[in-house]
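# got a sequence here, can you model it:
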Amino acid sequence: MKNKDLKNRVRPYFSGKWGLTLFFFCAVVAVSITACGTSEPARTPAFDPKFARAVTETATQAAVAKPGAKVCRQMQVGIAERDWVRGVVMEVGGEKIGVRIDDPGRFPHSLNGTAVVRGVLVRDTASAWTPCLF
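Reported below is the predicted structural model:
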């Protein structure tokens, strides 16, 4: 293709009142879009695993660490079986809570050297327990 033919094909797009302005506008938009892809997007704190763990532990402690709250804890039995222990929070002290056991589950358990039986008061971390309905 000859150079003169190329000029005749391109000229109608850039002629007139808005032709050159439209060209520069499209060029600026194209460069802006291209530049957006070169930088890494900003990470929000929700993607930070340490922050997410801290939020979860704080929310769990706020929900569980109240005297009279009904709580549950999943206990592992052997390598595959799991059992639920249920109780009521009787005392709160820092990150630890005192739980009076109402339902010791189907299998014998021990927490921090204390046998888990009905009516015993067990002290444990609040993050190990979850709110439950029973």
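# drop to CA atoms for contacts and neighbour counts, all remaining ones
Noted.
# convert the C-alpha atoms of the longest strand belonging to the chain to CSV, please.
In the chain, with assignment by DSSP state E, the single longest strand is strand 81-93. Provided in CSV are the C-alpha atoms of strand 81-93 (Å, rounded to 0.1, in the frame of the first residue of the first chain):
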residue,chain,number,x,y,z
GLU,A,81,-14.1,-39.4,65.9
ARG,A,82,-15.3,-36.1,67.4
ASP,A,83,-17.5,-35.5,70.4
TRP,A,84,-19.3,-32.4,71.7
VAL,A,85,-19.0,-31.2,75.3
ARG,A,86,-21.6,-28.7,76.5
GLY,A,87,-21.7,-26.4,79.5
VAL,A,88,-22.5,-23.0,80.9
VAL,A,89,-20.0,-20.3,81.6
MET,A,90,-19.8,-19.6,85.4
GLU,A,91,-16.8,-17.3,85.7
VAL,A,92,-14.7,-15.1,83.4
GLY,A,93,-11.1,-14.1,84.0
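# name the residues of that strand that come out as buried.
By neighbour count on 16 or more other C-alpha atoms under 10 Å, the buried set for strand 81-93 is 85-92.
# which residues touch it?
Applying C-alpha atoms under 8 Å, 6 or more residues apart in numbering, the contact partners of strand 81-93 are 64-77, 97-107.
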